[in-house]
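Colleague: Here is my input, please return the structure:
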Amino acid sequence: PVPAPAPAPAQVSAPELAATGAGQPGAAAALASALILGGAILYRRSRNA
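Modeller: Purely as a prediction, here's the structure:
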């Protein structure tokens, strides 16, 4: 009896990270800066009134 040939190994691609939407950190940093600045302005206005 002749042994059956071994199956070919499956092609495995390299692992890939999930898409999280964090591709543009500059836009997020600009938005965060604007929100902090806006909060500081509102805080100072409320303290002076």
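
Colleague: Report the central residue of the chain.
Modeller: By CA atoms, centre = their mean, the chain has its centre lying nearest to residue 22, at 2.9 Å.

Colleague: Local confidence estimate at that residue?
Modeller: Residue 22 is assigned 72 on the pLDDT scale.

Colleague: give the contact list for the most far-flung residue of the chain relative to its centre.
Modeller: When each C-alpha in the chain is compared with the mean C-alpha position (CA atoms, centre = their mean), residue 1 comes out farthest, at 56.8 Å. By CB atoms under 8 Å, 6 or more residues apart in numbering, the contact list for residue 1 is empty. Every residue, glycine included, has its C-beta placed from N, CA and C.

Colleague: re the thing from before, next, the contact list for the residue nearest to the centre of the chain, please.
Modeller: Residue 22 sits next to residue 28 when contact means CB under 8 Å, 6+ apart.

Colleague: Name the SS class of it, please.
Modeller: Following DSSP: H, G, I helix; E, B strand; the rest coil, we place residue 22 in the coil state.
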